[in-house]
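**Q** Model the structure of this input:
(chains A and B)
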Amino acid sequence: MNIFALSGVAVGMMVGVIIIVALFKFANTNRAVKTEYDERQLALRYKGYRVGFWTMLVYEVVMIVLDIGGIRIPAEAFVIHFGAVVAGCLGLSIHSIWNDVYWGLNNNRRRYLVVFAVLFLINAVPVVNAVSEGTMFKDGKLSTASINLMVAILILVIGAVLLIKQLADRKAEANED
Amino acid sequence: MKNLRMKSARAAKDLSQDDLARICGVSRQTVSAIEKGDYNPTINLCIAICKALDRKLDELFWPEDE
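**A** Residues are numbered from 1 along each chain as shown, chains lettered A, B, ... in the order given. A predicted model of the protein is given here:
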């Protein structure tokens, strides 16, 4: 990768950070970038980070074993490493949702759902383009668009778990009544 | 062990879990977890709950005699 490509990636990441900061400011009730949690939420989220860490570790060990065993995954190296990031985020998110600590004190849930929808669309468009143009694979390996695909799948899974948790809570409340 | 004394004190003040959570600066799920006995709050949160419900610490959080 040359200096121009690296600069492009750096600028892209900076723009991404600016967009994410703006979206969080929009989605939090007090216009703060950081989500606030109470003491129980923090304690459970620390456990969630542990789950995320172990998920990432297991993923990386599996990838190392596959590599040593000569089994090549048809994906660029950065795509495989991004998979570890997604796996860790999934571990943390699912643990947090299931323990009622996904939403912070200053989160506006409706606005967050809008943010999720926007992020899903931002990631779905390059995937649709890559599939229609046949550029999902480059030299027989999953390329850049597969990162968007992983993020889109991550958002879908988080949405599905949120829905399942809501249904489970309703059922539990109905049983209590 | 369920904290029924806290639940009844909250009901006596005509507060919902949401109301109490807002006053104490925690989530509704945290109030619910304390009432169900699923979470042991820190002393700071116990004091905040007592102030909100006009009760003393031992009235809400001291273990009842067997």
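**Q** contacts, neighbours, all on C-alpha from now
**A** Will do.
**Q** and the closest residue to A:Ala27 other than its chain neighbours, how many neighbours does it have?
**A** Spatial nearest neighbour of A:Ala27, chain neighbours left out: A:Arg111 (4.9 Å); criterion: C-alpha to C-alpha, 6 or more residues apart in numbering or on different chains. Other residues within reach of A:Arg111, judged by other C-alpha atoms under 10 Å in any protein chain shown, total 16.
**Q** do the same with A:Asp38
**A** Using other C-alpha under 10 Å, A:Asp38 is surrounded by 16 other residues.
**Q** With B:Leu45 instead?
**A** B:Leu45 has 16 neighbours, counted by other C-alpha under 10 Å.
**Q** what's the helix or strand for it?
**A** helix B:43-53 (DSSP states H and E).
**Q** Mind listing what's buried along that helix?
**A** By 16 or more other C-alpha atoms under 10 Å in any protein chain shown, the buried positions in helix B:43-53 come out as B:45-50, B:52-53.
**Q** quick one, what contacts residue 27?
**A** Just going to use chain A. Residues counted as contacts of A:Ala27 (C-alpha atoms under 8 Å, 6 or more residues apart in numbering or on different chains) are A:107-109, A:111-112, A:115.
**Q** hmm, I had chain B in mind actually
**A** So B:Ser27 contacts A:38, A:104-105, B:18, B:21 (C-alpha under 8 Å, 6+ apart).
**Q** okay, now the closest residue to chain A within chain B: neighbour count?
**A** The minimum distance from chain B to chain A, using C-alpha to the nearest C-alpha, falls at B:Val26 (5.2 Å). Using other C-alpha under 10 Å, B:Val26 has 21 neighbouring residues.
**Q** which phi and psi does it have?
**A** phi -130, psi 180 (degrees, to the nearest 10).
**Q** Now for it: which residues touch it?
**A** Taking C-alpha under 8 Å, 6+ apart as the test, what B:Val26 contacts is A:37-39, A:105.
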